[in-house]
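> Structure, please.
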Amino acid sequence: MRRTGCVGLAAGLVMLAGLALAQEGPGADQTSPQHQASYQNMTPEQRATATREFLGLGTKPDREAAARGAPLFQRNCAFCHGSQARGATGPSLITSDVVLSDDHGERLVPYVQKGRPDQGMPAFASMAEGKLKDIAEFLHLQVEEVANRGGYQVLNILVGDKAKGQAYVEAHCASCHTPENFAHIGSRFQSPERLQRAWIWPARSDNPKLAVTATVRTRGGAALVGRVTQISDFRITLVDAEGHKSSIEREPGVTVQIHDPRAAHEQIVMTLSNEDMHNVTAWLASLK
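Below is the predicted model of the structure:
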């Protein structure tokens, strides 16, 4: 059953950032199953399913039934509730408790059949139950499209100037990357969207070389080196090359030197313009 209330809908805006932080935050353990199951590497359909489950949106709407229900809704309901059920002279149905607590018409059908004449909603007792179920699926699809951003997919981002993109890379990236790093990079990703995301903010889960490492010197002078799996103002946890885990209290006399291979990308993000972003993506995508 679908959850009610506006909080679940608003949570959709936080979903993608929340999962990214869970996987990419400085305290994240990159060996965890959650980290390996990278949200950003899912297909749009997989992301939509994950987001639907997270928000408690219920079962996946039947798009074929919703397509049948769309013209029925337009003829019978849109004059009050708007063409997409967002509201007009009548209220929006996107946040309706009756809609959100329904799955496949078990609550909506009898509600619409009876109507609310006292509030200006006529009864639709003579409309076939199958048609009312199609209207219900249309409404569930509208909720899905408002609340579920997991299925969002960029259609075209290759709008930049390739020559300018190459010039930007040569000016800002050559100190860390060689031409060999970019060879055939346009063929390594399933879409330009993923390519753009990867070069701006490369995922640590996709490249172990991007792991945050640290050298910790204890008060006794011992040096511990390893991958950072947790860090705070009070404690740092490392995993060394042999897989041994060490947790060190950050007390006076203990020094911590952090090495983050992605630090340069973090600096670029602070100054990267939309034009430069599109230009670089266009150039990288051309390197087949």
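> make it CA atoms for all contacts and neighbour counts henceforth
Fine.
> which ones are touching Ser246?
With contacts taken as C-alpha atoms under 8 Å, 6 or more residues apart in numbering, Ser246 has the following neighbours: Thr237, Leu238, Val239.
> Got phi/psi on it?
Backbone torsions for Ser246, taken as degrees, to the nearest 10, come to phi -130, psi 130.
> any idea how far it is from Gly105?
Plainly put, Ser246 is 56 Å away from Gly105 if you go by C-alpha to C-alpha, to the nearest Å.
> Check the secondary structure at Gln74 for me.
helix (DSSP: H, G, I helix; E, B strand; the rest coil).
> count of neighbours near it?
When neighbours are defined as other C-alpha atoms under 10 Å, Gln74 has 17 of them.
> Ala85 is in contact with that one, correct?
No - the criterion here is C-alpha atoms under 8 Å, and Gln74 misses it with Ala85 at 9.4 Å.
> Ends of stretch 231-238, what's the gap?
Across its full length, stretch 231-238 reaches 9 Å between end residues, using C-alpha to C-alpha.
> Same question for stretch 74-85.
Between the opening and closing residues of stretch 74-85 lies a distance of 9 Å (C-alpha to C-alpha).
> List the buried residues in stretch 275-285.
Asp276, Met277, His278, Asn279, Val280, Thr281, Ala282, Trp283, Leu284, Ala285 (16 or more other C-alpha atoms under 10 Å).
> For my notes, please list those in JSON lines and give secondary structure, distance to Met127 and pLDDT for each entry.
Shown next, in JSON lines, are the buried residues of stretch 275-285 (DSSP: H, G, I helix; E, B strand; the rest coil; distance: C-alpha to C-alpha, whole Å; pLDDT from 0 to 100):
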{"residue": "Asp276", "secondary structure": "helix", "distance to Met127": "56", "pLDDT": "96"}
{"residue": "Met277", "secondary structure": "helix", "distance to Met127": "54", "pLDDT": "95"}
{"residue": "His278", "secondary structure": "helix", "distance to Met127": "52", "pLDDT": "94"}
{"residue": "Asn279", "secondary structure": "helix", "distance to Met127": "55", "pLDDT": "96"}
{"residue": "Val280", "secondary structure": "helix", "distance to Met127": "56", "pLDDT": "96"}
{"residue": "Thr281", "secondary structure": "helix", "distance to Met127": "53", "pLDDT": "96"}
{"residue": "Ala282", "secondary structure": "helix", "distance to Met127": "54", "pLDDT": "96"}
{"residue": "Trp283", "secondary structure": "helix", "distance to Met127": "57", "pLDDT": "96"}
{"residue": "Leu284", "secondary structure": "helix", "distance to Met127": "56", "pLDDT": "96"}
{"residue": "Ala285", "secondary structure": "helix", "distance to Met127": "53", "pLDDT": "95"}
